[in-house]
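Asks: Provide a 3D model corresponding to the input given below.
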Amino acid sequence: MKVLIVDDDPLVCQSLELLLSRENDMEIIGTANDGAEAIQCCERLMPDMVLMDIRMPGMDGIQATRTIKNRWPQVQIMMLTTFQDEHNIRLAILAGAEGYMLKSTHVSNMAQQLRALASGVSILDAKVLKTLTGPSKEEITELTPRESTILELVALGCSNREIAQQLFLSEGTVRNTLSLILDKLELRDRTQLAIYYWKRSL
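Replies: Coordinates of the predicted model:
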């Protein structure tokens, strides 16, 4: 398994490279310090798996994940982060990440989870899963399932083009659906939609 490590802390990259390279079935083919560099490395090195930090200067891990999955859907991405809040988890999953693991994970468990992800099993750290399966948010009953999904993507900062790509819709359909959502919720623009969504989510 060819692995690319992406983290803005050089010490984290070096430590992970040292520890994971001891695994017989893993080859660390490179490290990157931000999302833009990760995309360049993917183009040049074509990893099987990317260990991706979330918060980095410049292009963050969420943006990089979305770009990588759009260009190279076969590359699997495991988010590796200290953040286990629902907002970041949902952003990562919507961007296309197949796994979400905390940096507190022991390296032996980390290797096992990377192998499981490589075999096709989606991986969520137990603490992360607990975050996602906590008390459910109040449902927005005024909207259809598709409208609810588009509302969520707007709240997460996705453009119409990004929403269209993720949901396999045309940009025109996304625009029309957004107009319907605005009418139903009696709101004026995308900013009000995002505020509405996050107020309902808290």
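Asks: which residues does the closest residue to Arg161 other than its chain neighbours contact?
Replies: Closest residue to Arg161 apart from its sequence neighbours, by CB to CB, 6 or more residues apart in numbering: Glu171 at 5.9 Å. Glycine gets a C-beta too; all of them are placed from N, C-alpha and C. By CB atoms under 8 Å, 6 or more residues apart in numbering, Glu171 lies in contact with Asn160, Arg161, Ala164.
Asks: Make CSV out of the residues you listed and add distance to Glu152.
Replies: Shown next, in CSV, are the contacts of Glu171 (distance: CB to CB, whole Å):
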residue, distance to Glu152
Asn160, 14
Arg161, 17
Ala164, 15
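Asks: buried subset of those residues?
Replies: Asn160, Ala164 (16 or more other CB atoms under 10 Å).
Asks: Go through the contacts of Glu171 and name the one nearest Gln40.
Replies: Checking these against Gln40 by CB to CB gives Arg161 as the nearest, at 22.3 Å.
Asks: what about the closest one, is that helix, strand or coil?
Replies: Arg161 falls in the helix class when you classify it by DSSP: H, G, I helix; E, B strand; the rest coil.
Asks: now the contacts of Glu171 in JSON lines, with distance to Arg90 and pLDDT?
Replies: JSON lines is the format used below for the contacts of Glu171 (distance: CB to CB, whole Å; pLDDT from 0 to 100):
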{"residue": "Asn160", "distance to Arg90": "19", "pLDDT": "91"}
{"residue": "Arg161", "distance to Arg90": "20", "pLDDT": "90"}
{"residue": "Ala164", "distance to Arg90": "19", "pLDDT": "89"}
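Asks: After the longest helix along the chain, heading C-terminal, what element do we hit next?
Replies: The single longest helix within the chain, with elements called by DSSP state H, is helix 171-185. Proceeding N to C from helix 171-185, the next assigned helix or strand is helix 190-201, under DSSP states H and E.
Asks: now that next one: how far from the chain's centre is it?
Replies: Centroid separation for helix 190-201 versus its chain: 20 Å, with CA atoms, centre = their mean, to the nearest Å.
Asks: got it, and stretch 148-158?
Replies: Offset of stretch 148-158 from its chain centre (CA atoms, centre = their mean): 14 Å.
Asks: how about low-confidence regions in this protein?
Replies: Low-confidence segments of the chain (pLDDT under 70): 83-86, 122-141, 199, 201-202.
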